[in-house]
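Trainee: Here is a sequence with its predicted model. Questions after.
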Amino acid sequence: MRKLLSGIVIALFIVACGTAKKTTSQASKETPKKANDPKIYANTITAEDLKTALYTYASDEFQGRETGKPGQKLAINFLKDHYIKYGIPAAKADGNYFQEVPLDIINTPDVTLTVNGKDFKYVEDLVSVATAGTGKITTKEIVYAGFGIDDPKYSNYTDIDVKDKVVLIKSGEPKNEDGTYTISGSTEASKWSNMRQQFANKRDIAKVKGAKAVLFYYPEVYDMVASRFGNASGIMSLPGKVETSYFFVVGTNLAKSLVNDIDTNGKSSIVATDMSLNYKNNSDKISSENVAAFIKGSEKPDEIIVISAHLDHEGVKDGEVYNGADDDGSGTVAVVEIAEAFAKAVKDGNGPKRSILFLNVTGEEKGLLGSRHYTDIDPIFPLENTVADLNIDMIGRVDPERKSENRNYVYLIGSDKLSTELHTISEEMNAKYMNIELDYTYNDENDPNRFYYRSDHYNFAKNNIPIIFYFNGTHADYHKPTDTPDKIQYDLLENRTRLVFYTAWEIANREKRIVADKAEVK
């Protein structure tokens, strides 16, 4: 009500001035402050501007923007030039828009493994799927932990100690005699056997229990994993982030040399064996950059809203450019357009009360590395001062798997996980301004795709910072050279970008800071 009344008063004042006799006073020469209406600034976000920016950003000239490569350097300068053009200063105190992110490129490790006098070969028999430190393990026994499950309804760890041991586990989960799953009690599999989830869940449980090395037998996917990780060149990590334990996916020959009946045996046991493992980590060092621009809040400058997107993509493979127009060129140009809209509000005297950090992060495709560097190593602003992160990753297309015929939608992920208030604001801003269908399909805690954990917002969320992840879903061109600007639906990109703007505007200008009422107490 306050904003509406102030707008009417200003409008009447302007009309009155227009009909009054002209005066030469200084007051009459001043430009009146424009109405503080977010629609004015949201309407500057247009499909045409988004298209113009994206056709450059996702062009062949940018060479797929692979982390650390020349195309990525073109991308960061593109972003810097736009922030300078809009008059938005750098976030860093030294005036540099670039936040350096040092990285290690992991090359194929040197691995030798001998079991009971027999040598097993790297790639052919085992593949490392986590960066580990150089070291050696010798043992006279290993622990076979069956399915590697630790759940209230079923556990393979009840009577075994795996601390500092080599642990062998297998894929899947147990079933009852009637064919139902033991853990769910139904025909629905649990997180312990879904392909995406079981890797992380089984590895993490073994690590928590102190395993020195984990050998994971998953024959259905071994060839795929070996193809991806066997030649590790290009896999990146943040320095100092190597694991203290080893995690290997193993082939059938190796698994059955340790437990001959592993395909049918799910019972935990101690296995006598003479094993020697040597692992040498090989890596090269490079540097990449996040890009960070900043609008200082007029009333609460120490409270920061982050609007993020990743600037990198897959680069060039076999001579083909992976343009990454949707992933995440769409999110990148959305952040740029939102920044321009807020810059125009500042110019009109209607800048946000809270500060806004426009954060374009590198290395997302390499493991959320740029955002993890920001949150875990070098936050430009204290995380405790960070109000929320609105993360945009793929908002220019339509998911062909959607059941609804309404193309004017967006998937929202995480809006209610840490803050009831943030979720409510998101819903209200959409209802008030955009009327987009908000689809929460992938917000399900048991979503097998685990999208909540797969983009840069997660590094904020794990630090109890409320987040919203805006996403259109995957499609046939996802991570392919055919993800090109001509396939973007620019009217939808405009709508979704405006929704993020309105949500950011409300969070930045409301009286009280939103509360993370669902955050875990640390």
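Mentor: Noted; the coordinates are in hand.
Trainee: what about the closest residue to Tyr222 other than its chain neighbours, distance to Val361?
Mentor: With sequence-adjacent residues excluded and distances taken as C-beta to C-beta, 6 or more residues apart in numbering, Tyr222 is closest to Gly251, at 5.3 Å. No exception for glycine: its C-beta is placed from N, CA and C like everyone else's. Distance of Gly251 to Val361, given as C-beta to C-beta, to the nearest Å: 36 Å.
Trainee: Tell me which of those two has more neighbours.
Mentor: For Gly251 versus Val361, the count of surrounding residues by other C-beta atoms under 10 Å is larger for Val361: 30 against 22.
Trainee: Would you mind writing the CA trace of stretch 245-252 as PDB?
Mentor: As requested, C-alpha coordinates have been extracted for stretch 245-252 and formatted as PDB (Å, rounded to 0.1, in the frame of the first residue of the first chain):
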ATOM      1  CA  SER A 245      40.500 -42.600   1.300                       C
ATOM      2  CA  TYR A 246      40.400 -44.300  -2.000                       C
ATOM      3  CA  PHE A 247      37.200 -45.100  -4.000                       C
ATOM      4  CA  PHE A 248      37.500 -47.500  -6.900                       C
ATOM      5  CA  VAL A 249      34.900 -49.100  -9.200                       C
ATOM      6  CA  VAL A 250      36.100 -52.700  -9.900                       C
ATOM      7  CA  GLY A 251      35.400 -55.100 -12.700                       C
ATOM      8  CA  THR A 252      34.200 -58.700 -12.400                       C
END
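Trainee: in terms of contact, does the residue nearest to Tyr222 touch Pro219 like I think?
Mentor: Yes. Using C-beta atoms under 8 Å, Gly251 is in contact with Pro219, at 7.4 Å.
Trainee: Common neighbours of these two, please.
Mentor: Taking C-beta atoms under 8 Å, 6 or more residues apart in numbering as the contact criterion, Gly251 and Pro219 have no common neighbours.
Trainee: who does the one helix or strand Tyr502 maps to touch, helix- and strand-wise?
Mentor: Counting by DSSP states H and E, the element that carries Tyr502 is helix 490-509. With contacts defined as 3 or more C-beta pairs under 8 Å, 6 or more residues apart in numbering; DSSP states H and E, helix 490-509 has these neighbours: helix 38-42, helix 47-57, strand 300-310, helix 331-347, strand 354-361, strand 386-392, helix 420-429, strand 467-471.
Trainee: rerun that using 7 Å as the cut-off
Mentor: Packing partners of helix 490-509 (3 or more C-beta pairs under 7 Å, 6 or more residues apart in numbering; DSSP states H and E): helix 38-42, helix 47-57, strand 300-310, helix 331-347, strand 354-361, strand 386-392, helix 420-429.
Trainee: what angle separates that helix from strand 354-361?
Mentor: Using axes from the mean of the first three to the mean of the last three C-alpha atoms, to 10 degrees, the interaxial angle of helix 490-509 with respect to strand 354-361 works out to 140 degrees.
Trainee: any idea of the mean pLDDT for helix 490-509?
Mentor: Helix 490-509 shows a mean pLDDT of 98.
Trainee: ok, back up a step: wait, the residue nearest to Tyr222 sits on Val123?
Mentor: No. Contact between Gly251 and Val123 fails when scored by C-beta atoms under 7 Å: they sit 9.2 Å apart.
Trainee: Would you state the strands of the stretch 201-350 of the chain in chain order?
Mentor: Listed in chain order, the strands of the stretch 201-350 of the chain (DSSP state E, counting those that start in this stretch) span residues 213-217, 235-237, 246-250, 269-295, 300-310, 315-317, 320-322.
Trainee: who wins for proximity to Phe471 among those strands?
Mentor: Ranking the strands of the stretch 201-350 of the chain by distance to Phe471, with C-beta to C-beta as the measure, places strand 300-310 first at 11.4 Å.
Trainee: Would you list the strands that the closest one pairs with, along with their directions?
Mentor: Strand 300-310 has its sheet partners listed here by DSSP bridges as strand 354-361 (parallel), strand 386-392 (parallel).
Trainee: Could you measure from the closest residue to Asn391 other than its chain neighbours over to Asn406?
Mentor: Ranked by C-beta to C-beta, 6+ apart and with sequence neighbours excluded, the top spatial neighbour of Asn391 is His457, at 3.6 Å. In this structure, His457 lies at 25 Å from Asn406, with C-beta to C-beta as the measure.
Trainee: More neighbours: which of those two?
Mentor: His457 (29 against 10).
Trainee: OK, contacts around the more buried one?
Mentor: His457 makes contacts with 389, 391, 414, 467, 469, as judged by C-beta atoms under 7 Å, 6 or more residues apart in numbering.
Trainee: returning to what we had before: lowest average pLDDT across the strands of the stretch 201-350 of the chain?
Mentor: Lowest mean pLDDT within the strands of the stretch 201-350 of the chain: strand 235-237, a mean of 83.
Trainee: before we move on, the earlier item: and of the strands of the stretch 201-350 of the chain, who's closest to Ser371?
Mentor: strand 300-310 (6.8 Å).
Trainee: What residues sit buried inside the closest one?
Mentor: Buried residues in strand 300-310, defined by neighbour count with 16 or more other C-beta atoms under 10 Å: 300, 303-310.
Trainee: so what's Glu188 scoring on pLDDT?
Mentor: Glu188 is assigned a predicted lDDT (pLDDT) of 87.
Trainee: Can you get me a residue count around it?
Mentor: For Glu188, the tally of surrounding residues (other C-beta under 10 Å) stands at 10.
Trainee: so is it in a helix, a strand, or just coil?
Mentor: Going by DSSP: H, G, I helix; E, B strand; the rest coil, the secondary structure assigned to Glu188 is coil.
Trainee: For it, which non-adjacent residue is spatially closest?
Mentor: Closest residue in space to Glu188, ignoring its immediate chain neighbours: Tyr181 at 6.8 Å, by C-beta to C-beta, 6+ apart.
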